[in-house]
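S.K.: Pasted the sequence and its predicted model underneath.
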Amino acid sequence: MKPNAASFRDPCGHVFTQDGALYRSVREPGRAAFAHYLSSGLHEALLAKGQVVDFREVEIKAGDAWKVLAPEPLPFISYPYEWSFSQLKDAALLTLDIQLAALERGMILKDASAYNVQFHNGRPVFIDTLSFDLYRDGMPWEAYRQFVMHFLGPLALMAKRDVRHGLQLRNFIDGLPLDYISQHLPRRSWFKPSMLLHIHLHARMQQRYSDTRQPKKVVERKIPRRNLIALIRGLRMAVEKLRLTLPVTEWGDYYNDTNYTAEAFAYKQELVKRIAQRFTPKKACDLGANDGSFSQLLAQHAGLVIAADIDPVAVEKHYRMLKHKNISNCLPLLQDLFNPSPALGWANTERTNFAERAQGNFVMGLALIHHLCIGGNIPIAHVAAFFHQLAPVALVEFVPKEDSQTQRLLSARKDIFPDYTLEQCIAAFSVHYGKVEQFPISGSKRTLLLFSGA
Amino acid sequence: MRLFVTLSLALLPLPAFAYLDPGTGSIILQALVAGFMSIMIFFANARMYVRDFFTRLFKNKKNET
């Protein structure tokens, strides 16, 4: 039995693995709430809407556990600092909808952490079965501040200031501090009631009462249920109203600005499709996925495609497109390959690094390698080693120096890359992969390289 | 001093089994905002009710003529 490194805060139960399977224990302090979660029909109701992960009760012994559950396994765990604006927004709305449903059945969410939400089959789902507590009349929502720090605050900053504020969730692992959010929002946000109440005044109240030695009667304030529901509805409206207008970024308009002819582009699509069909990977990773045009081709023949890109606008566009097309096995993810998500949190084990989570059966890097090698000075041997760390099959597009995109990267700098050649690229990957297949893309100077075998 | 610390701890504004620290300021604000939101929703509902009432009245009159 191996305890999950991210599950130690809640005394009501813990997540652990045993013989490769994931389990959740329910301990005595969580017994009454869990029993009510089932008997009130809340679990059934949320499950029917696809809002929570399912579980089954299993008969295994786990310390002092009262019950052990086997939750439905998720193929990939992502973190809020890797989500686009709309992904975080959908996770926020899900949390509030679940909170409203819980209040209808005598329960309340005891936390509002963005880490309680995962993306599964194209939609956000709530994974923390033990987050539901019994609601007593007059109780406040203890996770109100956490909701603002994990969701409303970051979303407001992303929408009203700069979408890159979302990345701060990586530094502030329990959500952005209220005073940080308040300080960085534009002044005009003071005139918006939702921002004024939930963020600016909230931050000030927080500061004013930061000395915890306040008389007890002040905090034993009762909030009628009707008012609590109004608060949640108000929060929902505030989140719903936040919209991200898409700016044009470096990559946002990439496909309208490449040197591909229509035929070469179609040929590349056909090749990717054929190769995907040949390998039908269970879990694949598309690095530098941009808005996901090729990830979606791969997804037609894959179990799950993780589509990572450095550009928040491209990831946002991709997520919106997938929702529109109803594609459920592709997960857009914000990821800077020069600095992928590290291991974070307590003892550096709470949040797993990207490379470990992304390991799968197939990795693809199209129109990427010149950015890594020439744009970022990464030696090609390091690129090959990273690809091999992710998957035993790699599809790589080599973009030679003669290509106009590479020329653009070289235009303002000295060419210090004598090793950046097709031959050297093949040699570097061949250290890790036994077999190479070359597919020159007719109508362009580029070559698709497929590496496989040990 | 010891008495002071003990008293302060006893008066800590945390419910005994709280899993999160809700924050004193946050709870006070929450009570105020929740009340405010409730009033807003009451007036929004009232406005809708009055509007619906007149719309219906208007429609009925139209039907009669």
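M.R.: Structure received.
S.K.: what bits of the stretch 201-350 of chain A have low per-residue confidence?
M.R.: Low-confidence segments of the stretch 201-350 of chain A (pLDDT under 70): A:211-220, A:248-259.
S.K.: roughly how far apart are the nearest residue to A:F16 once chain neighbours are set aside and A:T95?
M.R.: Spatially, and ignoring its direct neighbours in sequence, A:F16 is nearest to A:P3 (4.9 Å; Cβ to Cβ, 6 or more residues apart in numbering or on different chains). For the C-beta atoms, the positions are set from N, CA and C on the backbone; glycine is no exception. Shown here: A:P3 relative to A:T95, a distance of 25 Å by Cβ to Cβ, to the nearest Å.
S.K.: Same question for A:Y79.
M.R.: Distance from A:Y79 to A:T95, counting by Cβ to Cβ: 15 Å.
S.K.: out of the two, which sits in the busier spot?
M.R.: Taking other Cβ atoms under 10 Å in any protein chain shown, A:Y79 and A:T95 do not tie; A:T95 has more neighbours (28 against 22).
S.K.: Which residues does stretch A:59-66 contact?
M.R.: A:M1, A:G13, A:F16, A:Q18, A:Y23, A:S25, A:V26, A:R27, A:E28, A:G30, A:R31, A:V68 (Cβ atoms under 8 Å, 6 or more residues apart in numbering or on different chains).
S.K.: what is the rounded mean pLDDT of it?
M.R.: Average pLDDT, stretch A:59-66: 87.
S.K.: so A:N377 sits in a helix?
M.R.: No. Counting by DSSP: H, G, I helix; E, B strand; the rest coil, A:N377 is located in no helix; its state is coil.
S.K.: Next, the contact list for it, please.
M.R.: Counting by Cβ under 8 Å, 6+ apart, A:N377 has no contacts.
S.K.: Does stretch A:339-353 reach chain B?
M.R.: No. Stretch A:339-353 lies apart from chain B when judged by Cβ under 8 Å from any Cβ of the partner chain; the minimum separation is 16.0 Å.
S.K.: now the end-to-end length of that stretch.
M.R.: Using Cα to Cα, to the nearest Å, one end of stretch A:339-353 lies 11 Å from the other.
S.K.: got the contact list for it?
M.R.: Counting by Cβ under 8 Å, 6+ apart, A:5-6, A:8, A:77, A:79, A:81-82, A:170, A:173, A:335, A:354-356 sit against stretch A:339-353.
S.K.: so how far is it from its chain's centroid?
M.R.: 14 Å (Cα atoms, centre = their mean, to the nearest Å).
S.K.: tell me which residues in it are buried?
M.R.: A:P340, A:S341, A:L344, A:E350, A:R351, A:T352 (16 or more other Cβ atoms under 10 Å in any protein chain shown).
S.K.: what does stretch A:318-329 give?
M.R.: Quick answer for stretch A:318-329 (16+ other Cβ under 10 Å): A:H318, A:Y319, A:R320, A:M321, A:L322, A:I327, A:N329.
S.K.: is it fair to say the fifth one lies in a helix?
M.R.: Put plainly, it is A:L322. Yes. Under three-state DSSP, A:L322 sits within a helix.
S.K.: thinking it is in contact with A:P332, fair?
M.R.: Yes. Taking contacts as Cβ atoms under 8 Å, A:L322 lies within contact range of A:P332: 6.9 Å.
S.K.: Which among the contacts of stretch A:339-353 count as buried?
M.R.: A:A5, A:A6, A:Y79, A:Y81, A:E82, A:I173, A:Q335, A:F354.
S.K.: ok, so of those residues, who is nearest chain B?
M.R.: A:I173 (14.2 Å; Cβ to the nearest Cβ).
S.K.: Return the distance of the closest residue to that closest one other than its chain neighbours relative to A:K414.
M.R.: Take A:I173 and drop its neighbours on the chain: the residue closest to it by Cβ to Cβ, 6+ apart is A:G345, 5.5 Å away. Shown here: A:G345 relative to A:K414, a distance of 41 Å by Cβ to Cβ.
S.K.: How about A:S189?
M.R.: 46 Å.
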